[in-house]
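K.L.:
Coordinates for the following, if possible.
(one chain, ligands or ions: 1)
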Amino acid sequence: MKKNPPLTRSQNMARIKSKNTKPEIYIRKLLYKMGYRYRVNYSQLPGTPDIFILKYNTAIFVNGCFWHRHKDCKIATFPKTNTEYWEKKFRRNVERDIEVSETLFEMNISVITIWECEINRMRKNEEYKEKYLRVLRDRIERVFNYEEEDISVQMEIAEEGMQYK
Ligand SMILES: [Zn+2]
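P.N.:
The predicted model follows:
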């Protein structure tokens, strides 16, 4: 069987964590409009958060669903060939994400992951966008007064928010 051409380390890193990708810019602009000021690609912290809001000690990662294996997401498809190769690669990515989050948590830095598919949906659905941004603001400001709403972001973010309690 033909092997998948392995990516070089730098290619791989570029694909996992490309700088200034469009979804990142989209969310940055929104955060800026919401009044937040931040550093981008903040290499002084583990994992080089895409966005770091100093005032709220909050690191934001804008993750591609495929490379970072967004759970139950249709973008996170699994390649049909060389499954062992991909499984290993994906596992490393996920493990690294968990490690980085844990290290940041230990530093009392709040970690927020924004997924590519959530950004896609925000672009298409104004109502979702409004809700998402409201929850995001609560997360950043560490406000935990969730109302039950039939919206996945609310659930995901609420679950992650529990970690601070
Ligand atoms: Zn996704």
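K.L.:
So which bits of this protein are right by the ion?
P.N.:
65, 70, 73, 75, 115, 117 (CB under 5 Å from the ion). Any C-beta I mention is one placed from the backbone N, CA and C, and that applies to glycine too.
K.L.:
Can you turn the buried subset of these into a selection I can paste into ChimeraX?
P.N.:
In ChimeraX, a selection of the buried entries from these looks like this (16 or more other CB atoms under 10 Å):
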select :65,70,115,117
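K.L.:
Tell me where this structure has helices.
P.N.:
Per DSSP state H, the chain carries helices over the ranges 9-16, 22-33, 83-106, 116-124, 126-140, 152-161.
K.L.:
Mind putting these into CSV with mean pLDDT?
P.N.:
Formatted as CSV, the helices of the chain follow (pLDDT from 0 to 100):
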stretch, mean pLDDT
helix 9-16, 53
helix 22-33, 95
helix 83-106, 95
helix 116-124, 94
helix 126-140, 92
helix 152-161, 49
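K.L.:
thought residue 132 was touching residue 122?
P.N.:
Yes. Counting by CB atoms under 8 Å, residue 132 touches residue 122, with 5.7 Å between them.
K.L.:
Residue 22 - how many residues pack around it?
P.N.:
Residues lying near residue 22 (other CB atoms under 10 Å) number 12.
K.L.:
Cool, thanks, signing off.
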